[in-house]
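Novice: I'll drop the sequence and a predicted model, then ask my questions.
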Amino acid sequence: MAGEPQDDCLFCKIVAGHVPATIVRETDTTVAFRDINPQAPTHVLVIPKVHYGNAAELAAGEPVIAADILREAQAVADEDKLESYRIVFNTGSGAGQTVWHAHAHVLGGRGLQWPPG
């Protein structure tokens, strides 16, 4: 069911505290943690505590929490003193999504080229 924790979801396990992560911020609705395979000096994932498969599903089902993700991305950038940064939502395997739980990547601390990969 949308919004409910999934037993086989890595990010749901992080939210529940069953899988360790380097958490940098946590709110009532979100958790932000360092990526285990960083692609930039700052590479933090901001995830909702509720389970939705991708950003579009989250925005449709919980628009307030989708906004919370963006607000927390800004807070991560502020804490890491980033003047420039990128927020990325990968949706679908063709776009590079590998964990089927909505999440934003906050990337910064180096020049980021365009177009990306």
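Specialist: Looks like it came in fine.
Novice: gap between the longest helix along the chain and the chain center?
Specialist: Longest helix of the chain, by residue count under DSSP state H: helix 63-79. A distance of 9 Å separates the centroid of the chain from that of helix 63-79, by Cα atoms, centre = their mean, to the nearest Å.
Novice: Flag every buried residue along that helix.
Specialist: 65-66, 68-69, 72-73, 75-77 (16 or more other Cβ atoms under 10 Å). C-betas here are computed from N, CA, C, even on glycine.
Novice: what's the answer for stretch 96-106, then?
Specialist: Residues of stretch 96-106 classed as buried by neighbour count (16+ other Cβ under 10 Å): 97, 100-106.
Novice: and if you look at stretch 3-17?
Specialist: With burial defined by 16+ other Cβ under 10 Å, the residues of stretch 3-17 counted as buried are 9-15.
Novice: Surely V15 is in contact with P5?
Specialist: Yes. If you go by Cβ atoms under 8 Å, V15 and P5 touch, sitting 7.1 Å apart.
Novice: low-confidence ranges in this protein?
Specialist: Residue ranges of the chain with pLDDT under 70: 1, 117.
Novice: secondary structure element for Q113?
Specialist: In this assignment (DSSP states H and E), Q113 forms part of neither any helix nor any strand.
Novice: just how off-centre is the strand ranked longest in the chain within its chain?
Specialist: Longest strand in the chain, counting residues (DSSP state E): strand 42-48. Mean-position distance between strand 42-48 and its chain equals 4 Å (Cα atoms, centre = their mean).
Novice: Numbering from 672 from now on, please.
Specialist: Yes, from this point I'll number from 672; that puts the last item at strand 713-719.
Novice: That one pairs with which strands?
Specialist: strand 701-705 (antiparallel), strand 775-779 (antiparallel) (DSSP bridges).
Novice: which residues are contacting that strand?
Specialist: If you take Cβ atoms under 8 Å, 6 or more residues apart in numbering as the criterion, strand 713-719 is touched by 682, 685-686, 695-696, 700-706, 729, 733, 736-737, 739-740, 743-744, 747-748, 751, 753, 756, 772-780.
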